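Colleague: this one's sequence-less:
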């Protein structure tokens, strides 16, 4: 979901029908030549955010923990490829923007309606650039880290197949505007390659306080565990898609969660002596570092005021990527706690999504063009909840507040894990 209002094909056709034939060629030409280039990236903002989020992770990996030399080498190679991916993505987004505008794949920012910015064509579905660059990086990384007999190669490629499948379905959704009920099941199909290739354990560790009642320390769930994996993919993908509606919110929440995942992986690698456990968390790092780098590049254009829209392509891609790393890294419980704002948003949205309460097409706050402030509506979203609780505010201030809330949720997860360590499991 993005904050936009598309120029419908019916409207375009009606306007074209009213124009004289002699003007058709001129109009088509001007549509591709007069549209101004998108605004330059907000490099200063992204640099500050990158330092804030990456420095803790880099400190843990490079200095705080004694990581095996071979493992550290693979992580650093992956980080180098990710850095290259950042610059490639930042360069390709303006190029791709001109193409999608040319194909009339653009929208108008609803939260700026009634102002000059509200009439500007904003290119859509630029998440496709991030998805393509990410997949190329992930494939190239296999040359440096995996061999033909690697135990992780099958699952790694299955993960990439699921991510690629989800990116394709997201782009199809952007182009065809798939109904909401169909969107709910799309991740189920995209997760099939991962579920079919998954060869890991299907067991869960019973919390220590419950062992006397259950009588087991480890419980094998079998096919139920794989069903849970599929449901997790559905939730992660759709939860980012519905927690949206502000410039920078979709990409911003992904960047915050990805940074928390990297810190969690670094802590688990440093604290463990089990090579298999370390490799599982390293596997997660290999996918999350490129995700973070390419997302930061996209955020430099999507931050307020946004010059591009990410589209459902990006939200589906990002959600599936984080679901994959949580499943194969074996920290799905931790991942769900990182998603606390998304879980809250989903619970608030249930009455409207289930049809019990009328659900408008865009569950967005009301924008006042005179003051430039947003006012919360009664729609069940965290965006509107924050506006109702904290009062009217600008779109940028609201987005920053929501991202701080996301960061607090991630910090709560780390505190909870520390508090329960040794007692819960």
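Modeller: Yes, it's here. All figures in this text were calculated on a predicted structure; none of them were measured in a lab. Residues are numbered from 1 along each chain as shown.
Colleague: so where's the chain uncertain?
Modeller: For the chain, the stretches flagged by pLDDT under 70 are 1-35, 147-149, 424-425.
Colleague: residue nearest the middle of this structure, spatially speaking?
Modeller: The residue lying closest to the centre of the chain (CA atoms, centre = their mean) is residue 318, at 3.1 Å.
Colleague: how near is it to residue 120?
Modeller: From residue 318 across to residue 120, the span is 25 Å (CB to CB, to the nearest Å). All C-beta atoms are positioned from the backbone trio N, CA, C, and that covers glycine.
Colleague: check residue 297 too.
Modeller: Taken as CB to CB, the span from residue 297 to residue 120 is 22 Å.
Colleague: higher neighbour count, the two?
Modeller: residue 297 (25 against 17; other CB atoms under 10 Å).
Colleague: helices of the stretch 151-300 of the chain, residue ranges please.
Modeller: For the stretch 151-300 of the chain, the helices defined by DSSP state H, counting those that start in this stretch cover 153-176, 180-190, 192-197, 211-214, 223-242, 249-271, 275-302.
Colleague: what's the first helix or strand after the last one?
Modeller: Scanning forward in sequence from helix 275-302 by DSSP states H and E, the next helix or strand is helix 311-328.
Colleague: with distance to residue 419 as extra columns, can I get the helices of the stretch 151-300 of the chain in a markdown table?
Modeller: Converted to a markdown table, the helices of the stretch 151-300 of the chain look like this (distance: least, CB to CB, whole Å):
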| stretch | distance to residue 419 |
| --- | --- |
| helix 153-176 | 31 |
| helix 180-190 | 32 |
| helix 192-197 | 32 |
| helix 211-214 | 19 |
| helix 223-242 | 24 |
| helix 249-271 | 15 |
| helix 275-302 | 21 |
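Colleague: which one of the ones you listed lies closest to residue 113?
Modeller: Taking CB to CB, helix 249-271 is the member of these nearest to residue 113, at 17.8 Å.
Colleague: so for that closest one, what gets flagged as buried?
Modeller: Buried positions in helix 249-271, judged by neighbour count with 16 or more other CB atoms under 10 Å: 249-269.
Colleague: try stretch 55-68
Modeller: Neighbour counts over stretch 55-68 (16+ other CB under 10 Å) mark 57, 60-61, 65, 67 as buried.
Colleague: for stretch 102-119, same thing?
Modeller: Neighbour-count burial for stretch 102-119 flags 105-112, 118 (criterion: 16+ other CB under 10 Å).
Colleague: quick check, nearest of these to residue 202?
Modeller: Using CB to CB, residue 105 comes nearest to residue 202 of those, at 42.0 Å.
Colleague: so the closest one sits against residue 176, correct?
Modeller: No - judged on CB atoms under 8 Å, residue 105 makes no contact with residue 176 at a distance of 11.6 Å.
Colleague: ok, the spatially closest residue to residue 255 that is not a sequence neighbour - contacts?
Modeller: Of all residues not flanking residue 255 in the chain, residue 295 sits nearest, at 5.2 Å (CB to CB, 6 or more residues apart in numbering). The contact partners of residue 295, by CB atoms under 8 Å, 6 or more residues apart in numbering, come to 130, 251, 254-255, 258, 318.
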